[in-house]
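Visitor: show me the folded form of this:
(3 chains)
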Amino acid sequence: MPTQDNLIEITVWYRGVVEGRLARQIAGGLADAAEREGKYVQAFENYVDLPDRVYVPCRAYARISREPIAEPYLYENHNPYIVVCTDAALVKGCNVLKGIEPGGTLIVNTSQEPETVLALLRGLPRMDLLSKVVTLDAGLAHQPYTPQGGIEGATEKASAMRTASMLMGAIAKATGVVDLKALLSGRGSDQAAIEAGYHGVKELANPEYDATAQAEPASEHGYRGAVDLIIPAPLPNTANPGHITSNYRIFRPVVDQAACTACRICWVSCPDACISVDADKDEKVRIELAYCKGCGICWEVCPRHCIAAQDEVNYTDGVVRITY
Amino acid sequence: MDKSVRISGCKAVAEAVKAANVDVIASYPIRPYTGTMVELARMVAEGELDAEFVYAEGEHAQLSIVLGASAAGARVFTGSSGVGVTYAFETYSPIAGEFHPVQCMIGNRTLDPPGDFGSEHTEALSARDQGWIMGWAATPQEAYDNTLIYYRLGEDPSIMLPQFPCQDGYFVTHIPGPVVLADQARVREFLPAFKPARKLDPAAPVLMGPQCRPDQGAAIELARSEVMKRARVRIPQVVNEFNTVFGRSYQPFLQGYRLDDAEMVFFGQGAHTMPARLAVDKLRSQGVKAGVVQLRFMRPFPTDEVTECLSRFKVVGILENSNSFGSVYDAGPLTAEVHAALYYAEARPRILTFLAGLGGENIRLNDYIEMTRVMAEAAQAAGLKKRVFWVGFEPLTIA
Amino acid sequence: MPDNMKWLGAEAPTETKQGTFERIRSLRDAPSTEYYVPGHRTCAGCGPALAYRLTALAAGKNTIFAGPTGCMYVANTSYLCGPWAVPWMHTQITNGGAVISGIEAAFQAATRKGNYSGEFPNIICFAGDGGTSDIGLQALSGCMYRGHDVLFICYDNESYANTGIQTSPMTPYGANTTFTPPGSVIPEGKRQFPKDLVKMVAAGHPAVKYLATASVAYPVDLMNKVRKALAYKGPTFMHIHAPCPKGWAFPASKTIEIGKLAIETGMWTNYEIESGSVRVTHAPRKRKPVVHYVKAQGRFGHLDEDMIGCLQVFVDNKAAELGLSGAAGESAAPPAEEEN
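Guide: Have a look, this model is predicted:
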């Protein structure tokens, strides 16, 4: 249950650094609109996800209530009613339904069909609480043109991003959490984009939705085990199970093994040691998909252009979902 | 063979550090503790002590060097005074919180200002909440003994806490006093080699000090609190063992002097409790029932012992050698902690605070006499109009 | 050696002993046991993470790392875990040099006193540019001065990155950081030119026998320099250029390309100093104009022609200091060593 009645929690999952501004504009824009409607609001980034890192899944939050928000310092939205993902691979890699409120809605920025998104959700607990999946193709919004990412309490001067505006419109249409009028009346708002998003959504009811299903009560406090600050080191040539990084991927590297000469340039250039090369094998270059972040260095440096970037969402496997 | 000598507190510590066969020493000069490092440098140079003597570029570096060395399994020693202690402040929580039993001697000195070379307990007490074991030696013998006791206590595998053995600058660091230097066999019997279960060693890799989340931080803080409580339980065991091996008669927490029928007692730490004893002797010869309670550990603070002991008396006069500038009753840490310890006591003495000896000023014999007189006034008065006194700056009267 | 290099390292002390090390000839015979394994919360395309991985590959099993606070601490240990298959300890951002001094002293004492019988370990501090040139400078200097048998590596991503990209003494002139944002009053953003780390360490610390700069874009060279540094007895120092997609604002896939562009434009030069002699290991015969480097990174997006001109002068002067000609348009400089 949320910490109080009438509290609507909106969680925006986004890619660190390259989509920080996008997420802040979505969460902040919705909150501002709700405030114009006379509601109590908060909008901020998940503090523990900062500092954000390029492509790492991060969360921004909005909270909207008809009453003053009683527990404003909670680090997370434990019971989101609305979950937004800035790309479909986030659905594959994160438990986006964690704590979802009964009847909640998932909105994903993707050119894929809602059915594809629904398929990506397969296996997540509490599918019975999700009422529908909504998609909007608002385009990619990676803008690495200034050092950006989490603003850490500072302010940000930026004009309205088209993708953010479209997604706000989509969220308003799919959930009614704010009125379209309220969104459009914001100073400096991109009204055309908001309208485009509002009218461009595709909605798909979740066949597993059970309107009578109840959410589990949340625990009051989090981690309560002992914490040892001296921990064993992983073994050489293994991996750190404490931070599995496959869910960073938007694109995955796919190797044309026939064209590859096993020169090892990709192997030596991978910051995450995710590539192994064996000239004697058919699979000359093996990518460790459980950890590959899809940074793209390998496909950039390969002198024979043997590595292609493929949409991660085209594959049903290869990503270890993190519960966060 | 034990050896009786007459040496300063600085040298006494150096002798104990040598006896403890430390592996790594980090030095940096600041008055008045420097003499300890001078002695150790000579011992190392002349082959009396086999240790790495690292001359750090500053106090923050001293603590950092011994932290690294301790993490790699070495028994370590460092020290400082005054602003050197506060300069290294950043390192104290990491060292204590990650359980490295570093020993850092403090030869007390005022902070800037006044920055004079005299002793105040201010600099050490400013670090009292960082999770280190902390206490005062009142004589060079106590300084020698505390060094060994603190290594034993701190390196206990169930504790693993760093320690601040303190001694008043000049009064203890510089004025020689009688010290029995223990036979090395005695030391070996009491203090085994330092063999931590986990240390930096390529043969058994560990990672020390990873980042954690806010919800994990609480558990770490609780664990630190539990360890300090465990230290409180362990102290009497260790001190009693020390007494047996070395033939001393230390009380673990509170060393009492002429308490049996005392009505008024001085409560303090370190050097000033020694002339207080002599003043008490003089007062006793005049029929005044006075005594001294010397606190031997500031951290862990022996709450139960303080409650039980001080509630026996009519008046407690706190010798407060540090000012907290705006704290409760505008006094220092001892005042706050003693009041808290006595709040739930069955019988509560009247408590006076004497801000005395600040700046390193002497507390004269006559001052103790006058302090006792105002304590006697307080014992009789209907109420206390005044409880906190700056000795030497105002009349000592509660009227 | 050019005249202005005379101040670097006087006579080689008689105790100097260049250790032998196993040189990596090519990628094919590079070491393949990973001691910095997958699983760390660094950026996709993180240059410093690659530097760590290459250093760990080169240094091998008998290694202890000390990690001052910074990206390579926080990102690597989020949360309560880590990717090092060798011993590692956290240090404050202020004291990496001091902590490795202590670790080294412990092993010296333990070896001498018979408490440790293993081979003396590689002890490496892996610090960011803030923890090396700024808040950590004092501890670095003390360590280099005292002659501890350690290697201090600065992974230079040219900012305080972990706190969200703020200027450090290694941030280039003209870079946009959150403490040097361009504005009407300060149009260039960062006004100062960076410290010269290797010069600072080399000039004043006679105990340091070997210093080197390296780049993640030249991994074989980097790994060999790590091995050479570790083979020296006494303190050694490395300064590694580690491009940062977050802080420099370029796509994550371009890390190696940016690293190469730095060398091609002269914004970075790979060289080493052994007992006072400077040897350039990577420099272009003819440098590309620095504008190519500038245009490839968002952190320079606000620079006008004059400012780029300032940067070009800086680059030309730096090259001259190292005895390189090769300015854009001029003829040949010392040939570059190709090791890949």
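
Visitor: so where do the strands sit in chain A?
Guide: A:7-15, A:40-45, A:57-65, A:80-85, A:104-109, A:130-136, A:202-205, A:230-232, A:251-255, A:275-277, A:285-287, A:307-311 (DSSP state E).

Visitor: so which of those strands comes closest to residue B:294?
Guide: strand A:230-232 (37.2 Å; Cβ to Cβ). (Each C-beta comes from the backbone N, C-alpha and C, glycine too.)

Visitor: quick check, the closest one touching chain B?
Guide: Yes - Strand A:230-232 reaches chain B (Cβ under 8 Å from any Cβ of the partner chain) through A:230-232.

Visitor: any part of stretch C:211-231 near chain B?
Guide: No - Stretch C:211-231 lies apart from chain B when judged by Cβ under 8 Å from any Cβ; the minimum separation is 13.2 Å.

Visitor: and what of stretch A:245-252?
Guide: No - judged by Cβ under 8 Å from any Cβ, stretch A:245-252 makes no contact with chain B; its nearest approach is 15.9 Å.

Visitor: and that stretch, how far from the chain's centre?
Guide: Chain-centre distance of stretch A:245-252: 11 Å, with Cα atoms, centre = their mean, to the nearest Å.

Visitor: can you check stretch B:32-50 too?
Guide: Its chain's C-alpha centre and that of stretch B:32-50 lie 22 Å apart, by Cα atoms, centre = their mean.

Visitor: got the buried residues for that stretch?
Guide: By neighbour count on 16 or more other Cβ atoms under 10 Å in any protein chain shown, the buried set for stretch B:32-50 is B:32-37, B:39-41, B:43-44, B:49.

Visitor: tabulate the residues you listed (a markdown table), appending distance to residue B:1, pLDDT and secondary structure.
Guide: Output for the buried residues of stretch B:32-50, formatted as a markdown table (distance: Cβ to Cβ, whole Å; pLDDT from 0 to 100; DSSP: H, G, I helix; E, B strand; the rest coil):
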| residue | distance to residue B:1 | pLDDT | secondary structure |
| --- | --- | --- | --- |
| B:32 | 31 | 97 | coil |
| B:33 | 29 | 97 | coil |
| B:34 | 30 | 97 | helix |
| B:35 | 25 | 97 | helix |
| B:36 | 24 | 97 | helix |
| B:37 | 27 | 97 | helix |
| B:39 | 21 | 97 | helix |
| B:40 | 22 | 97 | helix |
| B:41 | 26 | 97 | helix |
| B:43 | 19 | 97 | helix |
| B:44 | 23 | 97 | helix |
| B:49 | 19 | 97 | coil |
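
Visitor: ok, those residues vs residue A:134, which is closest?
Guide: residue B:33 (69.5 Å).

Visitor: quick check, that closest one in contact with residue B:82.
Guide: No - contact criterion Cβ atoms under 8 Å: residue B:33 and residue B:82 do not qualify, at 9.0 Å.

Visitor: check the average confidence over whatever helix or strand residue C:125 lives in, would you?
Guide: For residue C:125, the host element (DSSP states H and E) is strand C:122-128. The average of the pLDDT scores along strand C:122-128 is 98.

Visitor: any part of it near chain B?
Guide: No - residues of strand C:122-128 are not located near chain B by Cβ under 8 Å from any Cβ, the shortest gap being 8.5 Å.

Visitor: what do you get for stretch A:315-324?
Guide: No - Stretch A:315-324 is not in contact with chain B by Cβ under 8 Å from any Cβ; minimum separation 11.0 Å.

Visitor: can you list the residues that contact that stretch?
Guide: Here stretch A:315-324 makes contact (Cβ atoms under 8 Å, 6 or more residues apart in numbering or on different chains) with A:57, A:59, A:89, A:92-95, A:98, A:119-120, A:124, A:244, A:246-247, A:249, A:252, A:289-290, A:312.

Visitor: just the buried residues of the residues you listed.
Guide: Taking 16+ other Cβ under 10 Å as the criterion, what is buried in the contacts of stretch A:315-324 is A:57, A:59, A:89, A:92-95, A:98, A:120, A:124, A:244, A:246-247, A:249, A:252, A:289-290, A:312.

Visitor: which helix of chain B spans the most residues?
Guide: Using DSSP state H, we find that the single longest helix of chain B is helix B:214-246.

Visitor: got it, and chain A?
Guide: The longest helix of chain A (DSSP H) is helix A:20-36.

Visitor: quick check, distance from that one to the centre of its chain.
Guide: Computed by Cα atoms, centre = their mean, the chain-centroid distance of helix A:20-36 equals 16 Å.

Visitor: now the angle between strand A:40-45 and that helix, please.
Guide: Here the directions of helix A:20-36 and strand A:40-45 differ by 180 degrees (axes from the mean of the first three to the mean of the last three Cα atoms, to 10 degrees).
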